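>>> Mind folding the following:
(chains A and B)
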Amino acid sequence: MAERGGERGGFGRGGERGGFGRGFGRGRGDRGRGDRRGGRRGGRNRDEEEKWVPVTKLGRLVKEGKIRSLEQIYLHSLPVKEHQIVETLLGPQLKDEVMKIMPVQKQTRAGQRTRFKAFVVVGDGNGHVGLGVKCSKEVATAIRGAIILAKLSVIPVRRGYWGNKIGKPHTVPCKVTGKCGSVTVRMVPAPRGAGIVAARVPKKVLQFAGIEDVFTSSRGSTKTLGNFVKATFDCLMKTYGFLTPDFWRETRFSKSPFQEFTDLLAKPISKVIITEDVERTDV
Amino acid sequence: MGKMGKVTLGMPGPWAEDDHEAADHYTTKVGGVPDWATPDINPDLLKCSSCGGRFYFVAQVYAPISSSNVEVEERTLYVLGCPVPKCANQSDGWRVLRVQKYRSGHQSSDSRQEEKLPAECSTSTSSVNNWWETDVWMQGSGKQSEGGDDDVDLKALSQAILEAASQASCAKKQNESIMCSAVAAKDCEMKSKVKDSSIAVLPCFYIYNEEERSLHGAIEKQYSSLSIKDDQNLPADSADDENWEAESYEYDKALGADRSYLKFKKRMDVYPEQCIRYSLGGKPLLAANDVGEPGNCGLCGAQRHFEMQLMPPLLYYLQQAANGQTTYSPQDWSWLTLIIYTCSKNCFDGSVKGKSGDSCWTVFEEYISIQNEGV
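Below is the predicted model of the structure:
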């Protein structure tokens, strides 16, 4: 007890006036050197950038490892609010690429103010793709911001067959069309070996999605890059929205991760969660 | 807004050795047992208004104020939360209390502490007494040692301590004496207090403060961890014979997150461990656009202004700590931030001003607003 008393002499306000910050005394470290619980926090560690402290409940579940694949998140339509979630779940397979940097100009009294708009696509080449658009004063900031936004917008892409169901799915399951602004992009299933028949920019998005063969056709003002690329992205989003006979089977309702992993059992859910068994559709 | 545009961040410090260990009301900490600055807290304040259950003590923040017109040194904010999920998702399930002391020219040592000294300290072990003795003799001027070195005269010792403590209470700048008496009092309380492990408390850790640096440099440093292939910095335009139309500015948008949340997350990522943001009179960092109307102070009618907010890493650390322990942890809490507004005039309850001595503490409830995750 004597030792504790001696060390605690560091407490006190130190005669300093002032707000929250200056009101602190010294001797923070005197109290409690316990390392009992898992992991020291040590607030002054150098690798603060790599360390991820989750902000949302979903992030906490992913960090603990209770959720192991993105499909569980898609199954319950949970919004992904932290890009580190996608990084953790997809890991090193997630690749990113800058599609285009465009200058955006604004007229001000002191001349023109130029900012840069970066279009970035991320994907693992196996059914997950994301698109990010960010404007910023510097190119590097725009690119990095767009990568984060792209990771937040990762969606699942459904692939199917053109004819015989041999091997892995390689094309879109059916004809789908997506629209953004005046641009509509239509994707049609293609036989193996056809490759991606599309313009350069949507071709990149489709490659990252993991689609190997597809015919596309576009309409509208495709000179607007933003709308064109968002229309293809919207088209890919719809692949899982299309009801095919595979989905005629009655869905099995499963517990949302939030319910499954809480210690207290909450009240029974008032509305039924209708889910699609996304894990069964490929093959 | 306020004169302080700067924001002070409360970063997580060391864990407490024992969740029930007591500190004083000058400590900023999360979880554990609350260190009330004054013992007369209305027990109704410790109960949830919507469900009637006992509140959990979440955090205490020592927040003295020093400005041109208001100067309060003895001021602490206590944040309480209800563990019931239904209450915890609304602002009703949370309460913040401001406990401050009316400045009557006396120093910090409470009369309560002084009374306790002679009564409790006689039970202390001799080794502690000896340590005390040396310190007290150093501070107290012209004190004679009653007993010999081996023979500690308890009565004289307690008398001397009382006198030294009263000396300390009159002096303004004798920090060592204050610490000594505060430490002495605390030691007594520690020994006399039964370790009440029956009260369920949250895991306890202490907070140290750090000032938030300006954003620009920090964000660049944060982004450096994201990898960019060097050869794809600017895609080759030579192969590109398409003429794209001019683009216009576009706000940040993601599938699951809106613009205000993305700004919130961006500032969080600069200091990913921040547990508390403190900015008296400043602007809060909102996670969603709607924050309830803070209204006016119930006591004096002045406008309430923002003082501080609790951030999600606090929740993360509490849940991490409770994973391996039997301490209760609120797994259902999933707020994004708790914003606390206090009276801008920092008012007192006028009725207690008449009391003599130093024990005129006021306990007052302030406004707290919760921002949830939204799904």
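>>> Grab the nearest non-local neighbour of the residue in chain B positioned nearest to chain A.
Residue nearest to chain A within chain B: B:G256 (2.8 Å; Cβ to the nearest Cβ). For glycine as for every other residue, the C-beta is placed from the backbone atoms N, C-alpha and C. In space, and not counting its chain neighbours, B:G256 is closest to A:P79: 2.8 Å by Cβ to Cβ, 6 or more residues apart in numbering or on different chains.
>>> next one: B:T28
B:I207 is the one closest to B:T28 (Cβ to Cβ, 6+ apart), at 4.4 Å.
>>> Just give me the neighbour total for that neighbour.
Around B:I207 there are 25 other residues, counting by other Cβ atoms under 10 Å in any protein chain shown.
>>> Show me the helices in the stretch 201-350 of chain B, by range?
Using DSSP state H, counting those that start in this stretch, the helices of the stretch 201-350 of chain B run over B:215-223, B:259-270, B:312-323.
>>> Just the closest residue of chain A to chain B, please.
Nearest residue of chain A to chain B: A:P79, at 2.8 Å (Cβ to the nearest Cβ).
>>> Same question for that residue, what's its three-state structure.
coil (DSSP: H, G, I helix; E, B strand; the rest coil).
>>> and if you look at A:Q84?
State at A:Q84, reduced to three classes by three-state DSSP: helix.
>>> show me the contacts for the residue nearest to B:G256.
Counting by Cβ atoms under 8 Å, 6 or more residues apart in numbering or on different chains, A:P79 touches A:L58, B:L255, B:G256, B:A257, B:V375.
>>> Same list (those) but as TSV, adding neighbour count and distance to B:R54.
Output for these, formatted as TSV (neighbours: other Cβ atoms under 10 Å in any protein chain shown; distance: Cβ to Cβ, whole Å):
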residue	neighbour count	distance to B:R54
A:L58	24	30
B:L255	15	40
B:G256	19	36
B:A257	22	36
B:V375	14	29
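>>> Next, give me the two most distant ones among these.
Farthest pair in these (Cβ to Cβ) is A:L58 and B:L255. Separation: 13.4 Å.
>>> between the two, what contacts are shared?
Contacts common to A:L58 and B:L255, judged by Cβ under 8 Å, 6+ apart, are A:P79, A:V80.
>>> Tell me how many other residues surround the nearest residue to B:T38 once chain neighbours are set aside.
Spatially, and ignoring its direct neighbours in sequence, B:T38 is nearest to B:W361 (3.7 Å; Cβ to Cβ, 6+ apart). The number of residues packed near B:W361 is 23, by other Cβ under 10 Å.
>>> List the contacts of B:W361.
If a contact means Cβ under 8 Å, 6+ apart, then B:W361 has B:A37, B:T38, B:D40, B:E74, B:V99, B:Q100, B:K101, B:Y102, B:V352 as its contacts.
>>> So for A:T88, what's the nearest residue that isn't a sequence neighbour?
A:V62 is the one closest to A:T88 (Cβ to Cβ, 6+ apart), at 5.5 Å.
>>> Whether the helix or strand hosting A:V205 contacts chain B - can you check?
If you go by DSSP states H and E, A:V205 is part of helix A:200-209. Yes - if you take Cβ under 8 Å from any Cβ of the partner chain as the test, helix A:200-209 does meet chain B, through A:R200.
>>> what's the average pLDDT for that helix?
If you average the pLDDT over helix A:200-209, you get 94.
>>> Just the CA atoms of that helix, as PDB, please.
What follows is helix A:200-209, C-alpha atoms only, in PDB (Å, rounded to 0.1, in the frame of the first residue of the first chain):
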ATOM      1  CA  ARG A 200     -12.300   0.500 -72.900                       C
ATOM      2  CA  VAL A 201     -13.700   2.000 -69.800                       C
ATOM      3  CA  PRO A 202     -16.500  -0.500 -69.000                       C
ATOM      4  CA  LYS A 203     -14.200  -3.300 -70.000                       C
ATOM      5  CA  LYS A 204     -12.000  -2.500 -67.100                       C
ATOM      6  CA  VAL A 205     -14.900  -2.700 -64.700                       C
ATOM      7  CA  LEU A 206     -16.000  -6.000 -66.100                       C
ATOM      8  CA  GLN A 207     -12.600  -7.400 -65.900                       C
ATOM      9  CA  PHE A 208     -12.400  -6.500 -62.200                       C
ATOM     10  CA  ALA A 209     -15.800  -8.100 -61.700                       C
END
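>>> where's that helix relative to the chain centroid, distance-wise?
18 Å (Cα atoms, centre = their mean, to the nearest Å).
>>> elements contacting that helix?
strand A:95-108, strand A:111-123, strand A:128-136, strand A:196-197, strand A:214-219, helix A:225-237 (3 or more Cβ pairs under 8 Å, 6 or more residues apart in numbering or on different chains; DSSP states H and E).
>>> switch to 10 Å and redo it
When contacts are defined as 3 or more Cβ pairs under 10 Å, 6 or more residues apart in numbering or on different chains; DSSP states H and E, helix A:200-209 packs onto strand A:95-108, strand A:111-123, strand A:128-136, strand A:183-189, strand A:196-197, strand A:214-219, helix A:225-237.
>>> partners of the fourth one in the sheet?
In this case it means strand A:183-189. Sheet pairing for strand A:183-189, assigned by DSSP bridges, gives strand A:176-180 (antiparallel), strand A:214-219 (antiparallel).
>>> what does the model give B:K101 for pLDDT?
pLDDT for B:K101: 81.
>>> Spatially nearest residue to it (excluding sequence neighbours)?
Nearest residue to B:K101 in three dimensions, chain neighbours excluded: B:E74, at 3.6 Å (Cβ to Cβ, 6+ apart).
>>> What is the burial count for the one you found?
The tally of other residues near B:E74 (other Cβ under 10 Å) stands at 21.
>>> wouldn't it be in contact with B:A37 here?
Yes - with contacts counted by Cβ atoms under 10 Å, B:E74 reaches B:A37, the gap being 6.6 Å.
>>> From what I see, A:F261 and A:E64 are in contact.
Yes - if you go by Cβ under 10 Å, A:F261 and A:E64 touch, sitting 8.4 Å apart.
>>> hang on, the earlier thing: can you tell me how far the residue nearest to B:K101 is from B:N346?
12 Å (Cβ to Cβ, to the nearest Å).
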